[in-house]
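J.: Here is the input, now give the coordinates:
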Amino acid sequence: MSDTFITVIAIALAAVLMFIFPLMTISDRTDDVAQLTVETATTEFVDNIRSTGKITKAKYDEYIETITSTGNTYDVQMEIQIKDENLGKKVSQTQSDKIGENGYYSIYNAQIEPIIERDGVYKCQEGYIVSVSARNTNQTVSQQLKNFFYTVTGNEAYTIAAQHAGIVTANGK
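T.: The predicted structure is shown next:
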């Protein structure tokens, strides 16, 4: 009886070692590839906005398609900080040509996306600060396996995220 019990335990342990750990390793590598893809796509998207001065519907759709090709769903947040040209009216002793004294106000997805859908392009001006961040909203296979075995990540955690920002260097025309 004890030999049978030890044999069953040994078979179960072998199954875990032969199937579960390689599956966890492969799913971690898949997350690494997805992370690299999202980081690269986000950087290219922001750099394109910075160099052209505009967010086109085609480039935005291409960016969304690239990051969703990883098999995950993402929450994409865009922020454009617009230089406030009327600082002199609000604050005395402020000059807009001095470095470090520029004021900015922000617009977000709720204001940007309708303009892109309606006009096909959102035009930026030189000096705007563009920031784009993306993070996965679904649980990856790696997260599910870790939750099952370790209870480490939790349901709210995300493992794939990227953020990039920069100053627009060209006026969108």
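
J.: Every contact and neighbour count from this point should use C-alpha atoms.
T.: Noted.

J.: Let me know the pLDDT of residue 119.
T.: At residue 119 the predicted local confidence, pLDDT, stands at 92.

J.: nope, residue 137 is what I meant
T.: pLDDT, the model's per-residue confidence, is 91 for residue 137.

J.: What of residue 107?
T.: Per-residue pLDDT puts residue 107 at 93.

J.: Now do the same for it: helix, strand or coil?
T.: Put simply, residue 107 is strand when judged by DSSP: H, G, I helix; E, B strand; the rest coil.

J.: So it is in contact with residue 79, correct?
T.: Yes: between residue 107 and residue 79 there is a contact under C-alpha atoms under 8 Å: 5.7 Å.

J.: between those two, which one's more packed in?
T.: Neighbour tally, residue 107 and residue 79, criterion other C-alpha atoms under 10 Å: the higher count belongs to residue 79, 19 against 13.

J.: pLDDT (mean, whole number) over the helix or strand where that one lies?
T.: Taking DSSP states H and E as the criterion, the element that holds residue 79 is strand 74-83. Averaged across strand 74-83, the pLDDT comes to 93.

J.: Quick one: residues in contact with that strand.
T.: 67-68, 102-109, 127-138 (C-alpha atoms under 8 Å, 6 or more residues apart in numbering).

J.: What degree of burial does residue 71 show, as a neighbour count?
T.: Quick note: residue 71 (other C-alpha under 10 Å) scores 11 neighbours.

J.: next one: phi and psi at it?
T.: In terms of degrees, to the nearest 10, the main-chain angles of residue 71 are phi 90, psi 10.

J.: And the pLDDT for it?
T.: 91.

J.: got the contact list for it?
T.: When the contact criterion is C-alpha under 8 Å, 6+ apart, residue 71 has no partners at all.

J.: circling back: can you give the distance from the strand holding residue 79 to the centre of its chain?
T.: Counting by C-alpha atoms, centre = their mean, to the nearest Å, strand 74-83 is centred 11 Å from the centre of its parent chain.

J.: What of stretch 107-127?
T.: Using C-alpha atoms, centre = their mean, the distance between the centre of stretch 107-127 and that of its chain works out at 18 Å.

J.: can you check stretch 16-29 too?
T.: Computed by C-alpha atoms, centre = their mean, the separation of stretch 16-29 from the middle of its chain amounts to 26 Å.

J.: returning to that earlier point: just checking, which of the contacts of strand 74-83 belong to strands?
T.: Secondary structure of the contacts of strand 74-83 is defined by DSSP state E; positions in strands are 104-108, 129-136.
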